[in-house]
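[1] Predicted coordinates and the sequence they were generated for:
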Amino acid sequence: MPLREYIINDIKPLNINDKVSDLKLMFNELTYSHIPIENNQVYLGCISETDVHCFDGKDTIMECSHSLEGFFVRLDTPWLDVLEIFAHNSCNIMPVLDAQNNYLGYYELNDVIGRFNETPFFSEPGGTLIIEKGIQDYSFSEISQIIESNGAKILGAFISKMEGDLVQITLKIGSPGLNEVIQTFRRYSYNIISGHEEDTYIENLKERSDYLNKYLNM
């Protein structure tokens, strides 16, 4: 799932010697959580809107450089890793650098989420199932065997929660009926947390950008 077609470069990084007032003006005009900062065309990091409001507009960005956050992705960074970096940095803009550390532009969070929503996990019809088992007792090979032995197909799976010695796995299963799959999971000592009728979890996951922290908490 290549992302390079989603690179945006309609705003340029501010220079480290620009004024904080310039940053504040940009934040007032944009909806981004961060703005990239450069020096002599070298990317230095991003500064957040939250931090900027704490600084005097007369100061230079250099005087606030301790607040720079150095996150970025490469041109060839896989899309799932891009999502993870978005989540870890609580941002909606992600600078993209090439192998020579040249700034190429940035990704917007909504664009990357939009690509995720195009995956079979969301786009294909099927049922959603959340199962739970001991962290030392489950295996994805066993989960696959249970689903496929009942004539169903896995459209997607991820670990949606880990707490103590238990793990929860969210499954998207392509099947007109999941009763047999559910009963087989129970025979294999999996707890059924949410059946396919209860799909509000996955709908919220799709529609809210803050689902990322839950989705990527692996």
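    Done, it's in.
[2] quick one, phi/psi of the residue most central in space within the chain?
    By Cα atoms, centre = their mean, the mean C-alpha position of the chain lies nearest to Leu83, the distance being 3.1 Å. Leu83 adopts backbone torsions of phi -60, psi -40, taken as degrees, to the nearest 10.
[3] Model confidence for it, exactly?
    According to the predicted model, the pLDDT of Leu83 comes to 87.
[4] Use 873 as the first number from now on
    Sure thing, new numbering starts at 873, so read that last one as Leu955.
[5] in terms of contact, does it touch Val984 like I think?
    Yes: the pair Leu955 and Val984 qualifies as a contact (Cβ atoms under 8 Å) at a distance of 6.0 Å. C-beta: built from backbone N, CA, C; applies to glycine.
[6] Which secondary structure element of the protein has the lowest mean pLDDT?
    Taking all helices and strands of the chain together, the one with the lowest average confidence (mean pLDDT, DSSP states H and E) is helix 1072-1079, at a mean of 49.
[7] State the distance from the residue nearest to the centre of the chain to Asn1022.
    Distance from Leu955 to Asn1022, counting by Cβ to Cβ, to the nearest Å: 31 Å.
[8] any idea which helix or strand carries Gly929?
    Secondary-structure assignment from DSSP states H and E places Gly929 in no helical or strand segment.
[9] Now do the helices in this structure.
    Assigned by DSSP state H, the chain shows helices spanning 892-901, 921-924, 951-961, 981-989, 992-995, 1012-1021, 1051-1059, 1072-1079, 1084-1087.
[10] Contacts for the second one next, please.
    This means helix 921-924. 892, 895-896, 899, 904-907, 936, 939 (Cβ atoms under 8 Å, 6 or more residues apart in numbering).
[11] got these as CSV, with neighbour count columns?
    Compiled in CSV, the contacts of helix 921-924 are given as follows (neighbours: other Cβ atoms under 10 Å):
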residue, neighbour count
Val892, 23
Leu895, 24
Lys896, 16
Phe899, 19
Tyr904, 19
Ser905, 17
His906, 25
Ile907, 23
Cys936, 19
Ser939, 16
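[12] Nearest to Thr1042 among those residues?
    Out of the contacts of helix 921-924, the one with the shortest distance to Thr1042 is Ser905. That distance is 26.8 Å, counting by Cβ to Cβ.
[13] isn't the closest one right up against Cys963?
    Yes: Ser905 lies in contact with Cys963 (Cβ under 8 Å); the separation is 4.7 Å.
[14] got any residues that touch both of the two?
    Where contact means Cβ under 8 Å, 6+ apart, the residues bridging Ser905 and Cys963 through contact with each are Ser920.
[15] Domain parsing of the chain, as residue ranges.
    Taking automatic domain parsing as the domain assignment, the record places the domains of the chain at 876-987, 992-1087.
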